[in-house]
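Asker: could you work out the structure for the sequence below:
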Amino acid sequence: MGETVFRYTRRQRLVMWAFALGTAGWAGAVSVRAAGYLADGQTGSAVGLWLMFGLIPTVLFVPLAGMPTGWTRIDAEGLRTRGMTGRRRVGWRDIESIHALAGRGRNGSITQIGVTRTDGRSFLLPIPFTSGTIAEDPDFYEKLELMQREWKKRGGPGAK
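Answerer: Numbers count the residues shown, from 1 in each chain. Below you'll find the model as predicted:
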């Protein structure tokens, strides 16, 4: 096997971009309103409003805008991933298990792939994931199965 790269589905990217742009629009509108308060001399109202409803969405926009560019790669060496929380690399020998983790998100259920390392630490892969009808990945379980097959083939300690 060469290298297989998993990316967000087209629909998932569109949903994330829409949310990120909505957040940026909201922050811009609040900033304009706060500027109006400042112009009227209402410093206390302007600063509180902008800090609470303008600055926080602006800070969140940066990682949200970068989310659609994330990926997970599997190759002969192991897993490599890049997402909102940074980059990870783990070799097949260092993986104890690869499994689906179902949970509840803000907008319903979400299922992600969890990786448990032989040292006991675990993490979630940013991609692939599936969530409800809006961010569904119809090939999620096939991708999970492919990862598990590669891991078992490479002889990780938990791959028995």
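Asker: in the chain, which spans are helices?
Answerer: Counting by DSSP state H, one finds helices in the chain at the ranges 10-39, 43-50, 56-66, 140-153.
Asker: report the buried residues of the last one.
Answerer: Of all the residues in helix 140-153, those buried under the rule 16 or more other Cβ atoms under 10 Å are 140, 143, 144, 146, 147, 148, 150, 151. No exception for glycine: its C-beta is placed from N, CA and C like everyone else's.
Asker: I'd like the mean pLDDT over that helix, please.
Answerer: Mean pLDDT, helix 140-153: 92.
Asker: ok, the second one next?
Answerer: When pLDDT is averaged over helix 43-50, the result is 65.
Asker: outline the domain layout of the chain.
Answerer: Under the assignment automatic domain parsing, the domains of the chain span 10-67, 70-153.
Asker: for residue 3, which of those is the nearest?
Answerer: Residue 3 lies closest to domain 70-153 among those, at 4.3 Å (Cβ to Cβ).
Asker: now stretch 120-128: buried residues?
Answerer: In stretch 120-128, counting by 16+ other Cβ under 10 Å, buried: 123, 125, 126, 127, 128.
Asker: same check, this time on stretch 102-119
Answerer: Neighbour counts using 16+ other Cβ under 10 Å place 110, 111, 112, 113, 115, 117 of stretch 102-119 among the buried residues.
Asker: right, and the third one touches residue 124 too?
Answerer: Yes. In terms of Cβ atoms under 8 Å, residue 112 counts as a neighbour of residue 124; the distance is 4.7 Å.
Asker: mutual contacts of these two, please.
Answerer: Taking Cβ atoms under 8 Å, 6 or more residues apart in numbering as the criterion, residue 112 and residue 124 both touch residue 101.
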